[in-house]
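Participant: Sequence first, then the predicted structure, then my questions.
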Amino acid sequence: MTVVVDLVVPVKSLRSAKTRLRGVAGRADGVHTELVLAMVLDTVLAARATARVGRVLVVTPDSRVNSTLRERGFAVCGEGPVSELNAAYRYGAAQLAATQPAGPARAIGALQADLPALRPADLDTALATAAEHRVYCPDRQKTGTTLLVSAVGEALDPRFGPDSAHAHHVSGARQLTAPVPTLRCDVDTAEDLAMAAELGLGPHTSALLDTLTYAG
Ligand SMILES: Nc1nc2c(ncn2[C@@H]2O[C@H](COP(=O)(O)OP(=O)(O)OP(=O)(O)O)[C@@H](O)[C@H]2O)c(=O)[nH]1
Ligand SMILES: C=C(OP(=O)(O)O)C(=O)O
């Protein structure tokens, strides 16, 4: 059975996002924000280009993220009553469930927004395993989680945060073992960004870093 997966992608306020990356792209005002936004864009554009992906819903309190993504045709909503990552996933999943188009039941996927090297082929490989079981994709360090997909018609039950790979495992989700390096490469630190650059950054992040290099 081929399953369509609707994705929830939460994005924090740009000002407070990615503190561990601060300064990596330079000290100039606004550069950090531009880098975070470029990574979000590369992530969601790759997600939208993935065959098994149905809808993509971005959950964010940030007005710039909201307007930038709406301009590109993405669905965007606010965070709901609680400002916290798992709450944002649950809120987005509820919005998607409440507005599900007619047709076969879909799975819900929770995708992190910091995957600037993401390739649609890797995401599609991961989503191909979804249907009967809830599955999670550990990050490259094997401690965090970059993607969690519900079983069709069942709850997402997101447990993102420190050691989320373990938390997803003990909550009964199956670990994805497929070689999907661009889906595993979330970017929290300068070292992660270098690793993502080796895999091949998406066009927004790549263009921004090139501009900064030429600007010295
Ligand atoms: N909407 C929403 N998104 C969040 C929240 N917390 C984290 N995110 C998003 O979830 C993704 C993964 O979060 P982290 O890797 O912990 O990112 P971060 O908190 O920005 O990074 P650090 O400050 O370095 O810990 C990022 O794309 C964040 O923007 C939240 O409270 N609300
Ligand atoms: C919140 C998470 O992201 P990170 O480890 O990148 O902070 C997670 O992996 O559950």
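Facilitator: It's in. Ligands and ions are numbered 1, 2, ... in the order given.

Participant: For this structure, give me the ranges with low pLDDT.
Facilitator: 1, 28-29, 214-216 (pLDDT under 70).

Participant: Centre-most residue in it?
Facilitator: Gln112 (2.5 Å; C-alpha atoms, centre = their mean).

Participant: give me phi/psi at it?
Facilitator: Main-chain dihedrals, Gln112, degrees, to the nearest 10: phi -70, psi 150.

Participant: Return the residues in contact with it.
Facilitator: 9, 43, 145-147, 160, 186 (C-beta atoms under 8 Å, 6 or more residues apart in numbering). The way it works is simple: take the backbone N, C-alpha and C, and place the C-beta from them, glycine included.

Participant: Give me the subset of these lying in helices.
Facilitator: Counted as lying in helices by DSSP state H, out of those, are Thr43.

Participant: Looking at the contacts of Gln112, which is nearest ligand 2?
Facilitator: Phe160 (3.6 Å; C-beta to the nearest ligand atom).

Participant: Pull the number of nearby residues for the closest residue to ligand 2 within the chain.
Facilitator: Relative to ligand 2, the nearest point of the chain is Gly144 (2.5 Å; C-beta to the nearest ligand atom). Neighbours of Gly144 under the rule other C-beta atoms under 10 Å: 21.

Participant: ok, it touching Ala165?
Facilitator: Yes: between Gly144 and Ala165 there is a contact at 6.2 Å, judged by C-beta atoms under 8 Å.

Participant: Overlap of the contact sets of those two?
Facilitator: The contact lists of Gly144 and Ala165 share Pro138, where a contact means C-beta under 8 Å, 6+ apart.

Participant: Now find how far off-centre stretch 128-137 is within its chain.
Facilitator: 16 Å (C-alpha atoms, centre = their mean, to the nearest Å).

Participant: Between the two ends of it, how far is it?
Facilitator: 13 Å (C-alpha to C-alpha, to the nearest Å).

Participant: for it, which positions count as buried?
Facilitator: 129-130, 134-137 (16 or more other C-beta atoms under 10 Å).

Participant: And those residues, which two are furthest apart?
Facilitator: Arg134 and Cys137 (11.8 Å; C-beta to C-beta).

Participant: anything in contact with each of those two?
Facilitator: With contacts taken as C-beta under 8 Å, 6+ apart, Arg134 and Cys137 have Leu148 as neighbours in common.

Participant: returning to that earlier point: and the buried residues of stretch 128-137, which is closest to Ala94?
Facilitator: For the buried residues of stretch 128-137, the nearest to Ala94 is Arg134 (16.7 Å; C-beta to C-beta).

Participant: so what's the closest one closest to, chain neighbours aside?
Facilitator: Among residues not flanking Arg134 along the chain, Ala173 sits closest, at 4.4 Å (C-beta to C-beta, 6 or more residues apart in numbering).

Participant: next one: Leu118
Facilitator: Leu118's closest residue in space is Ala46 (C-beta to C-beta, 6+ apart), at 4.1 Å.

Participant: Quick one: residues contacting the one you found.
Facilitator: Residues 115, 118-120, 123, 202 are the ones in contact with Ala46 under the rule C-beta under 8 Å, 6+ apart.

Participant: On the three-state scheme, Gly103 is what?
Facilitator: coil (DSSP: H, G, I helix; E, B strand; the rest coil).
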